[in-house]
Structure formats: structure tokens, C-alpha cells
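Novice: give me a 3D structure for the following:
(one chain, ligands or ions: 2)
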Amino acid sequence: MIFTLTELEHHPILFEVSYPPGELTFSDELTQTTDLVATGSATLLHNTLGEIRVRGNVKVGLSTVCVRCLEVAPLAFDSEFDFFYRPAIKKGAHGEIHLEEGEIDISFYEGDGVKLEDVLREYVLLALPMRALCQEDCKGLCTQCGVNLNRTSCGCAPEPIPSPWAALKDL
Ligand SMILES: [Zn+2]
Ligand SMILES: [Zn+2]
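Specialist: Ligands and ions are numbered 1, 2, ... in the order given. Below is the predicted model:
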């Protein structure tokens, strides 16, 4: 689904869409586990050079890898978004886009409009936690034998805490 300038010049576009797992691609580490349901609207902001505002709500379940134990970490999103897109015309000599101060939250679109799929991908990547966990108190892997400490315990002694004097012994 694409929100074109030509259509937005006449009226805002309302959307209510559902994408089953597999239809959208995110990053390699992310798997979509439930239908992604998005509702909202796209509007052309007046007195701008084609700035498009897309806002709405997204509900989706995803899974990624737990940073501590490498098992599945489920993620559930259900929240509002509000994004602004400008036509990508301010390109520098090397093709990079120069941002003026305060424009960090603005994205750019190429061609004649904004693709809803790109908006949803951006939403998911912004909503992702930096460090996903399978459970809040994940115990992780044993640093010595590698077993998953959520499932089993091992006989390894806890890592000795390095003594502040250890470095001096080498002198
Ligand atoms: Zn974990
Ligand atoms: Zn161990």
C-alpha cells in the first residue's frame, strides 16, 4: 500500500491492514509470530513541500534472540506511532542527506509517495529494545561450561572476582 502525493492532495487516506507472518521482512534476527494489524491515516501537511504525516496504531507479536541465553525472546507491540516524511530532495554532492538542526525525527521518501510497508518496518525497528531478554530475570549461560542456567544448574564454581592486587603480581 502506497500513499501517493497525487491522492493525498485530494484527501487523507485511512488504512486498516493486516499482514500475516512472512509478508513483511524485518531484520534477520526478527521473526513475526502473529498477524501485524495496523490502523491509521496518512495526510499531506499543507504549506510544506510535500511533507506526509503517517500515524496510527500497530499490534504485532515478534520474536528475537535473548542476549543472555540465546533462546527465543518474545516481543509484543501494541502502540501508537506518528511519523513525518519529506521528499528526499536535499541531497549533497555525495548523495548524503543534510539534516538541519531539529530534523532528526523526520524520514525521507523517494518517488511519488510513502509505502506503508516501509512505515511499519520503521515502527518495528524503533520499538525494538536494545537488549531483548527471554524473561526479565534470565540467568543466561554459564560462562565456564555453557549450560543454560534457566534450565539446569552446573557444578562450576562462580567466576572468581579479579583481585585488585592480581595485576601487581606480574610486575
Ligand atoms: Zn534468556
Ligand atoms: Zn557451568
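Novice: can I get the lengthiest strand in the chain in PDB, CA atoms only?
Specialist: Using DSSP state E, we find that the single longest strand of the chain is strand 72-87. C-alpha atoms of strand 72-87 as PDB (Å, rounded to 0.1, in the frame of the first residue of the first chain):
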ATOM      1  CA  VAL A  72      13.800 -17.200  21.900                       C
ATOM      2  CA  ALA A  73      12.800 -13.800  23.400                       C
ATOM      3  CA  PRO A  74       9.200 -12.900  22.600                       C
ATOM      4  CA  LEU A  75       8.200  -9.300  21.900                       C
ATOM      5  CA  ALA A  76       4.700  -7.900  21.800                       C
ATOM      6  CA  PHE A  77       4.000  -4.400  20.500                       C
ATOM      7  CA  ASP A  78       0.700  -2.500  20.700                       C
ATOM      8  CA  SER A  79       1.300   1.200  20.500                       C
ATOM      9  CA  GLU A  80       0.800   4.400  18.600                       C
ATOM     10  CA  PHE A  81       3.200   5.900  16.100                       C
ATOM     11  CA  ASP A  82       3.400   9.300  14.400                       C
ATOM     12  CA  PHE A  83       5.900   9.700  11.700                       C
ATOM     13  CA  PHE A  84       6.800  12.600   9.300                       C
ATOM     14  CA  TYR A  85       8.200  12.000   5.800                       C
ATOM     15  CA  ARG A  86       9.700  14.600   3.400                       C
ATOM     16  CA  PRO A  87      10.600  14.100  -0.200                       C
END
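Novice: for the very next helix or strand once past that strand, name the packing helices and strands.
Specialist: Following strand 72-87 in sequence order, the next helix or strand is strand 106-109 (DSSP states H and E). Using 3 or more Cβ pairs under 8 Å, 6 or more residues apart in numbering; DSSP states H and E, the elements in contact with strand 106-109 are strand 72-87. All C-beta atoms are positioned from the backbone trio N, CA, C, and that covers glycine.
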